[in-house]
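Colleague: build the 3D model from these lines:
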Amino acid sequence: ARGRGEERPQHVEGEGPTAVKMMRRAAAGARVAVAASQRRGLAAAAAQEVKLPIQLYGLSARYANALFISASKAKEMPKVEDDLKTIQGWMAESPAFAEYVKNPVIARSDKVKDMAQVSKGMAHTTQGFLAVLAE
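Modeller: Numbering: from 1, shown residues only. Take a look at the predicted model:
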C-alpha cells in the first residue's frame with residue numbers, strides 16, 4: 001500500500017540467488033555457443049579440403065560426410081569401406097546384433113565399450129566412427 005509519491009525499491013542487478021543463477025546459465029550458454037562455432041569452423045575447414053563425391057543432406061548425411069572426410073584424410077578409405085561392409089553383414093546375419101545396435105535402452109557407456117571390442121582390428125577411422133555412433 002504505497003502512496004503515489006513513494007518510490008519503489010530499486011532492484012540492483014546481480015543481487016540475489018536468481019540473478020547469480022541466470023548469470024551462470026548465460027555464461028554456460030556462451031561457452032557452449034563458442035565451442036559449437038569452433039566445431040563448425042573446423043568441420044567447414046575439413047570439408048573444404050576433401051571434395052565430397054555427392055552432396056547429402058540431413059542428420060545421417062552429416063555422419064556419412066564426416067566419415068568420408070576422416071577416412072580420406074587418414075588414407076583409410078578402402079579399409080573403412082571393407083569395415084562398413086563387414087558391419088552391414090553382421091547386422092544382416094545376426095538379428096541380435098542388429099537389435100543391440102538399435103536399442104536405445106542400453107547404456108551409452110556399455111555400447112561404447114562393446115563397439116570398441118567389436119571394432120578391434122578395424123581402421124582407426126572406423127573405430128572412432130563407431131564410438132561416436134555408440135554415444
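Colleague: so which bits of the host helix or strand of Thr125 are buried?
Modeller: Using DSSP states H and E, Thr125 sits within helix 124-134. By neighbour count on 16 or more other C-beta atoms under 10 Å, the buried set for helix 124-134 is 125-127, 129-130, 134. In this view, the C-beta of every residue, glycine as well, is placed from N, C-alpha and C.
Colleague: again, but for stretch 59-67
Modeller: Neighbour-count burial for stretch 59-67 [16+ other C-beta under 10 Å]: 65-67.
Colleague: export only the CA atoms of it, formatted as PDB.
Modeller: C-alpha atoms of stretch 59-67 as PDB (Å, rounded to 0.1, in the frame of the first residue of the first chain):
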ATOM      1  CA  LEU A  59      21.500 -35.800 -40.000                       C
ATOM      2  CA  SER A  60      22.600 -39.100 -41.400                       C
ATOM      3  CA  ALA A  61      24.400 -37.300 -44.200                       C
ATOM      4  CA  ARG A  62      26.400 -35.300 -41.600                       C
ATOM      5  CA  TYR A  63      27.800 -38.500 -40.200                       C
ATOM      6  CA  ALA A  64      28.400 -40.000 -43.600                       C
ATOM      7  CA  ASN A  65      30.200 -36.900 -44.800                       C
ATOM      8  CA  ALA A  66      32.300 -36.700 -41.600                       C
ATOM      9  CA  LEU A  67      33.300 -40.400 -42.000                       C
END
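Colleague: still on that earlier bit, for the record, mean pLDDT for the helix holding Thr125?
Modeller: Per-residue pLDDT over helix 124-134 has a mean of 92.
Colleague: great, nothing more from me.
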